[in-house]
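# A predicted structure for the sequence below; I have some questions about it.
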Amino acid sequence: MKFRIAAIAALTLSVSSQTMAAGAPTIVNCDGNPNLDRFLEMDSVLFNGPRDGSRAAEFYADPFLSHDSDRGDAEGVQERRPSHMAGIAAGTKATFPDRVLKNDLIACADDLVIVRVIASGTMSGKMMGMEPTGKSFKTSAIDIYRFKDGKVAERWGNSDGLGMLAQLGLLESYVKGPGAARAAGEGAR
């Protein structure tokens, strides 16, 4: 693990970055890395474009490990299946049909692909039991993918979920919890 940390740190000092066309991500140390192409294909199928969850098994090992601190569990590791990612693709498509994930920076280190992404969208469907607000958000996230045999074997994720909830006008309801929101008449049907 120390090697991986050193490799990631070295990426920040690398001068071999290449910037693609305007609006395209900065790509660092990925020349000839097949995992970059695999990530870009996964990105176009699952995260942007059609968000076709039926294809999740093409990109994720069964099972894969998720070190996902998006929900505040910085130490947690969970075994996940491709069906979990299929559900996320469907859920985000229903909640944020116009959502866009714009890759800002992509870096490669051996079997790792590290991505800083800018996420934006408008809430037009329910999320975590909360009614749509019609408001938009724009936040950032960092995801690290470890590929093995062309599939994601491990994922580390960290996004600004609280910033998103604040922009959507849902932070107070989220903090209070669904029971408190219903008691106050928020998000009730």
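It's in.
# using PDB, list the CA coordinates for the longest helix anywhere in the chain.
Assignment by DSSP state H gives helix 82-95 as the longest helix of the chain. Extracted C-alpha coordinates of helix 82-95, given in PDB (Å, rounded to 0.1, in the frame of the first residue of the first chain):
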ATOM      1  CA  PRO A  82     -22.400  -5.600 -10.400                       C
ATOM      2  CA  SER A  83     -26.100  -5.500  -9.600                       C
ATOM      3  CA  HIS A  84     -25.400  -2.800  -7.000                       C
ATOM      4  CA  MET A  85     -23.900  -0.600  -9.700                       C
ATOM      5  CA  ALA A  86     -26.800  -1.400 -12.000                       C
ATOM      6  CA  GLY A  87     -29.100  -0.100  -9.200                       C
ATOM      7  CA  ILE A  88     -27.100   3.100  -8.800                       C
ATOM      8  CA  ALA A  89     -27.200   3.700 -12.600                       C
ATOM      9  CA  ALA A  90     -31.000   3.300 -12.600                       C
ATOM     10  CA  GLY A  91     -31.500   5.400  -9.400                       C
ATOM     11  CA  THR A  92     -29.400   8.300 -10.600                       C
ATOM     12  CA  LYS A  93     -31.100   8.200 -14.000                       C
ATOM     13  CA  ALA A  94     -34.600   8.400 -12.300                       C
ATOM     14  CA  THR A  95     -33.600  11.100  -9.800                       C
END
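# residues contacting residue 144?
Residues in contact with residue 144 (Cβ atoms under 8 Å, 6 or more residues apart in numbering) are 112-115, 155-157. Where C-beta positions appear, they are placed from N, C-alpha and C, glycine not excepted.
# ranges for the strands of the chain?
Under the criterion DSSP state E, the chain contains strands at 17-19, 26-28, 60-68, 78-80, 100-109, 112-122, 136-148, 151-159.
# now render the contacts of residue 144 as a markdown table, adding neighbour count, pLDDT and distance to residue 54.
Conversion of those to a markdown table gives the following (neighbours: other Cβ atoms under 10 Å; pLDDT from 0 to 100; distance: Cβ to Cβ, whole Å):
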| residue | neighbour count | pLDDT | distance to residue 54 |
| --- | --- | --- | --- |
| 112 | 19 | 98 | 27 |
| 113 | 24 | 98 | 23 |
| 114 | 21 | 98 | 27 |
| 115 | 20 | 98 | 23 |
| 155 | 17 | 95 | 19 |
| 156 | 17 | 93 | 25 |
| 157 | 16 | 91 | 22 |
